[in-house]
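*Asks:* Predicted model and sequence follow; I will ask about them next.
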Amino acid sequence: APPGAGPQPVAPREAPSQMPLLFPLGTELAVQRQWTQPPVADEPAPGGARPRAYLPLFPPRSESAILRLLLSRVVDEGPIDVQKILTAMAHGRYMTALPRMPVRTLRFGVQVLVDISEGTRLFARDQQELLHRITAIAGAHACDIRYFAQDPLRSGPAGGWSWKRYTPPPVGTRVLIISDFGQHALPRVGQAGIRVVWQRAAGLWHRAGSLPVGLAPLPAHQQPSWLRPLLPVLSWDRSTTASTAYARLA
């Protein structure tokens, strides 16, 4: 502009075609934050000590294997037993059917009888935790859980109001009895009557083709001598291993 000229008008600028927009926090378009830590820490137990984790009566590393042995049964439905065929041929014998290797299966289901009498109250939590593990292994559809008090021939799926006369399960079903077999009763009286009850129950299972096995929170030396001929019984404690269970059920 020449000297002495007044202010010149400024031409207006065009606005950009895409202006950046700012959105205030708190709207639906705000960025969602992902928190990596819980907002509030767990409240500690009274005294500063946290509750201890549950420890099973069986050895933790062997519990699953022990339960699978207790719940399953052996059937000759595995691969063909070639060695048995060769032995028969070497002795000049013929075979009418192909022999198969024995395998364990859970397809026949399991019935669990849980003793909730006064002598087993100390193991109430252990019983419930064990039932959860049994259901997880065998499947809820294949488990028939029943409760009784000292006499397994009167039981039911719930409390005493549901107990009725016992009916054995189908042939081949594994029957697992979780009980102290009257050895923790206080005072320990009526042992002769308890023996008669279990003799009747064992006879019913064997006639029905069931496969009973007992699980007792007792060391072997505290188990009654009259019980051993009736059914195999395992000690429900840390001394029992998978090899012990296998030998007892063989």
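*Replies:* That came through fine. Numbering: from 1, shown residues only.
*Asks:* what about the closest residue to Thr120 other than its chain neighbours, how many neighbours?
*Replies:* Nearest non-adjacent residue to Thr120, counting by C-beta to C-beta, 6 or more residues apart in numbering: Asp180, 5.5 Å away. Backbone N, C-alpha and C define where each C-beta goes, glycine included. Neighbourhood size, Asp180 [other C-beta atoms under 10 Å]: 22.
*Asks:* Next: Ser243.
*Replies:* One way to gauge burial is a neighbour count; for Ser243, by other C-beta under 10 Å, it gives 12.
*Asks:* What of the one 5 residues further on?
*Replies:* Around Arg248 sit 16 other residues, with neighbours defined as other C-beta under 10 Å.
*Asks:* so where's this protein shaky on pLDDT?
*Replies:* Scanning the chain for pLDDT under 70 picks out the ranges 1-52, 185-190.
*Asks:* Would you map the strands across it?
*Replies:* Counting by DSSP state E, one finds strands in the chain at the ranges 73-75, 103-105, 110-115, 143-148, 154-155, 164-165, 174-178, 211-216, 233-235.
*Asks:* dump the residue contacts of the closest residue to Leu230 other than its chain neighbours.
*Replies:* Excluding the flanking residues, the one nearest Leu230 by C-beta to C-beta, 6+ apart is Ala202, at 3.9 Å. With contact taken as C-beta atoms under 8 Å, 6 or more residues apart in numbering, Ala202 is in contact with 212, 230-231.
*Asks:* The strands of the chain into CSV, with extra columns for mean neighbour count?
*Replies:* Listed next are the strands of the chain as CSV, based on neighbours: other C-beta atoms under 10 Å:
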stretch, mean neighbour count
strand 73-75, 14
strand 103-105, 12
strand 110-115, 23
strand 143-148, 18
strand 154-155, 19
strand 164-165, 8
strand 174-178, 22
strand 211-216, 24
strand 233-235, 22
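*Asks:* Tabulate those strands (a markdown table), appending distance to Leu55.
*Replies:* Listed next are the strands of the chain as a markdown table, based on distance: least, C-beta to C-beta, whole Å:
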| stretch | distance to Leu55 |
| --- | --- |
| strand 73-75 | 29 |
| strand 103-105 | 27 |
| strand 110-115 | 20 |
| strand 143-148 | 23 |
| strand 154-155 | 29 |
| strand 164-165 | 36 |
| strand 174-178 | 18 |
| strand 211-216 | 17 |
| strand 233-235 | 16 |
